[in-house]
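Asks: Any chance you could fold what I've pasted below:
(chains A, B, C and D)
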Number of protein chains: 2
Amino acid sequence: MDLLREKPKGRVAQRQLRNREALVDAGYRVMSEKGIDAATMQEIADFADVGAGTVYNYFKSKDELAIAVMERVMHNLALRIEAVTDTFSDPAQVYAFGVRTVMEAATGDIRWKQLLNRAEVIADAMFRCMGPFAIRDLENATKAGRFKVADGPLTWKMATYSIVGVSLAVTHGDLPPSVIQETVVRLLCATGIGEAEAIELAARPRPALPKERPPARRTGA
Amino acid sequence: MDLLREKPKGRVAQRQLRNREALVDAGYRVMSEKGIDAATMQEIADFADVGAGTVYNYFKSKDELAIAVMERVMHNLALRIEAVTDTFSDPAQVYAFGVRTVMEAATGDIRWKQLLNRAEVIADAMFRCMGPFAIRDLENATKAGRFKVADGPLTWKMATYSIVGVSLAVTHGDLPPSVIQETVVRLLCATGIGEAEAIELAARPRPALPKERPPARRTGA
DNA sequence: TGTTTAAAATGAATGTCATTCAGTTTTGAA
DNA sequence: TTCAAAACTGAATGACATTCATTTTAAACA
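Replies: Just a heads-up that it's a prediction; the model follows:
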């Protein structure tokens, strides 16, 4: 009973949810188009159909909104990747697919590029959103004997940050797509798998990602 | 005669040089202490003992000044590293030392952390400043048969960006120093050297870097 | 030495935001 | 229907980056 009371589902709660979603959505639209800096809070508020001050009922600052936007984008991608890799039987391939797809998204999509600007903030956000997936995949591949690394959690964390970091650098580094393939191979080598096998793994045909779910739209005033 | 005329060394030229240096110096002091965003152009101008408008005679924007600051810091480190590695005989060790030292600088020094914020800009700046060194070191190690990688320039560029990226992520990722050692080992594995040897390489005792040269000071009005 | 002029420097004024807050409106319970 | 609390609103505020009309400097020349 008390538990029910803790999560009221009244009209206020629903409206709050709508507003928050609408703001993240508007933030995504504006920020991913013009970049975080060039996006103004006014424009975002207009897009979300709320007053300028309302944004601050939900986010302490522009930066915090930007983080929420990035998190939504990243979490979304992580889920779409998982939908594909759930069908794989080789855990090493799961990891390879994830690494590569993240990098391709970060590199190929101008909207990601716009969002991946604040290094101090995205390393953290990306790790929070995608880290658990990457770590799980690495652990599975190791348990199955496909990867060999000296020791546990620290290595995993490092590996995950490497992916984040490389994505970052590659995103802003203006490298041709062919480099991604090579980078994936190298990251795989770093897991202790042999080079020949890493190359084979990275080259396996890859199923397409499921389509991006269009962001929730407001239903009207 | 004409050549001499092209590079006048009169008082104006010297003053311009002093001002530019003073601005980069002031920019470094202020930005590395409070972060790029929190640093104001006014404070930087005050520090450099020039009017607020003068900054714009030398840099098109705050961002451009920030880039100049980062470039000076990075180039400086690259030179200090080179002073040490010039005495090494094993080219693989040269590369390992460079990678590790860059990472340690980026991670351990709060001033670097303050400067390494704009991902869209530093990947480029870092590559410009340190890339040539890293590439040269990689090539030497490969020519000497220490590293084995499938093929040339693209791989080098990718490797360099990986270092940049990992530095970035590690800098903002709040990882313990022990992770750096491990990361260096993994990056070495990615060069095709064996894991056992990578571990040995990363663990070799390392000579200290030469002291940082204090930035040029203004000599007075 | 005095004159001239183009390059540099100056700092007050401008315009653009992020953020705040005093005043309204909405909500849900009584 | 009434009321207090919660949300919303958008005009006002304050901080800056950047601009530009003036002033200052310095080097070439007389």
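
Asks: which element follows the helix or strand A:Val84 falls within toward the C-terminus?
Replies: Here A:Val84, judged by DSSP states H and E, is contained in helix A:62-85. Reading on from helix A:62-85 to the C-terminus, the next helix or strand found by DSSP H and E is helix A:91-108.

Asks: Please tell me how far the residue of chain A found nearest DNA strand D sits from B:Arg100.
Replies: For chain A and DNA strand D, the shortest gap (C-beta to the nearest atom of the strand) falls at A:Gly53, measuring 1.6 Å. Bear in mind the C-beta positions are built from the backbone N, C-alpha and C, glycine included. According to C-beta to C-beta, to the nearest Å, A:Gly53 and B:Arg100 sit 49 Å apart.

Asks: A:Ala39 now?
Replies: For A:Ala39, the distance to B:Arg100 - C-beta to C-beta - is 39 Å.

Asks: Same check on A:Ile199?
Replies: From A:Ile199 over to B:Arg100 (counting by C-beta to C-beta), the distance is 27 Å.

Asks: Those two - which one has more neighbours?
Replies: B:Arg100 (22 against 16; other C-beta atoms under 10 Å in any protein chain shown).

Asks: so what's the more buried one up against?
Replies: Counting by C-beta atoms under 8 Å, 6 or more residues apart in numbering or on different chains, B:Arg100 touches B:180-181, B:184, B:202, B:206.

Asks: how is chain A carved up into domains?
Replies: A:1-59, A:66-203 (automatic domain parsing).

Asks: Comparing these, which stretch has the densest surroundings?
Replies: The highest mean neighbour count among these, using mean count of other C-beta atoms under 10 Å in any protein chain shown, belongs to domain A:66-203: a mean of 20.

Asks: what helices or strands is the helix holding A:Val84 leaning on?
Replies: Helix A:62-85 is packed against helix A:11-34, helix A:91-108, helix A:110-115, helix A:119-143, with contacts defined by 3 or more C-beta pairs under 8 Å, 6 or more residues apart in numbering or on different chains; DSSP states H and E.

Asks: what bits of chain A have low per-residue confidence?
Replies: Of all residues in chain A, those with pLDDT under 70 make up the ranges A:1-17, A:150-155, A:157-159, A:214-221.

Asks: Let's see that with 50 instead.
Replies: Applying pLDDT under 50 to chain A flags the ranges A:1-9, A:219-221.

Asks: Quick test: name the residue nearest the centre of it.
Replies: A:Met74 (1.8 Å; C-alpha atoms, centre = their mean).

Asks: Name the nearest residue to that residue, ignoring sequence neighbours.
Replies: Distance criterion C-beta to C-beta, 6 or more residues apart in numbering or on different chains; nearest residue to A:Met74, sequence neighbours excluded, is A:Cys129 at 3.9 Å.

Asks: Quick check: phi and psi at the nearest residue to A:Arg186 once chain neighbours are set aside.
Replies: The shortest distance from A:Arg186 to any non-neighbouring residue, by C-beta to C-beta, 6+ apart, is to B:Ala190 (4.1 Å). Main-chain dihedrals, B:Ala190, degrees, to the nearest 10: phi -70, psi -10.

Asks: Is B:Ala190 in contact with B:Ile163, as I believe?
Replies: No. Look at B:Ala190 against B:Ile163 with C-beta atoms under 8 Å: they stay out of range, at 10.5 Å.

Asks: could the domains of chain A go into TSV alongside distance to B:Asp124?
Replies: Putting those into TSV (distance: least, C-beta to C-beta, whole Å) gives the following:
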stretch	distance to B:Asp124
domain A:1-59	16
domain A:66-203	6
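
Asks: so which of the ones you listed gets nearest B:Ala48?
Replies: B:Ala48 sits nearest to domain A:1-59 of all the domains of chain A, at 25.0 Å, using C-beta to C-beta.

Asks: anything in the closest one near chain B?
Replies: No. Using C-beta under 8 Å from any C-beta of the partner chain, domain A:1-59 never reaches chain B; the gap is at least 8.5 Å.

Asks: and A:Met35, how far is that from B:Val69?
Replies: To be clear, residue A:35 is Gly; Met isn't right here. 22 Å.

Asks: Next: A:Met126.
Replies: A:Met126 is 26 Å from B:Val69, by C-beta to C-beta.

Asks: And for A:Ala190?
Replies: Relative to B:Val69, and taking C-beta to C-beta, A:Ala190 is found at 33 Å.

Asks: coming back round to it: take the helices and strands packed on helix A:62-85 and write them to a markdown table, including distance to B:Gly194.
Replies: Listed next are these as a markdown table, based on distance: least, C-beta to C-beta, whole Å:
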| stretch | distance to B:Gly194 |
| --- | --- |
| helix A:11-34 | 44 |
| helix A:91-108 | 20 |
| helix A:110-115 | 36 |
| helix A:119-143 | 19 |
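
Asks: Compare the ones you listed and give me the one nearest DNA strand C.
Replies: Among the helices and strands packed on helix A:62-85, helix A:11-34 sits nearest to DNA strand C (C-beta to the nearest atom of the strand), with 3.1 Å.

Asks: From the chain's centroid, how far away is the closest one?
Replies: 18 Å (C-alpha atoms, centre = their mean, to the nearest Å).

Asks: Taking helix A:62-85 as reference, get the angle to that helix.
Replies: Helix A:11-34 runs at 90 degrees relative to helix A:62-85, counting by axes from the mean of the first three to the mean of the last three C-alpha atoms, to 10 degrees.

Asks: which other helices and strands contact helix A:11-34?
Replies: helix A:41-48, helix A:55-58, helix A:62-85, helix A:110-115.

Asks: any chance of those helices in a markdown table, plus distance to B:His172?
Replies: Listed next are the helices and strands packed on helix A:11-34 as a markdown table, based on distance: least, C-beta to C-beta, whole Å:
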| stretch | distance to B:His172 |
| --- | --- |
| helix A:41-48 | 25 |
| helix A:55-58 | 25 |
| helix A:62-85 | 13 |
| helix A:110-115 | 16 |
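
Asks: For B:Ala78, find the nearest of these.
Replies: Here helix A:110-115 is closest among the helices and strands packed on helix A:11-34 (C-beta to C-beta), at 26.9 Å.

Asks: does that closest one come close to DNA strand C?
Replies: No. Using C-beta under 7 Å from any atom of the strand, helix A:110-115 never reaches DNA strand C; the gap is at least 14.2 Å.
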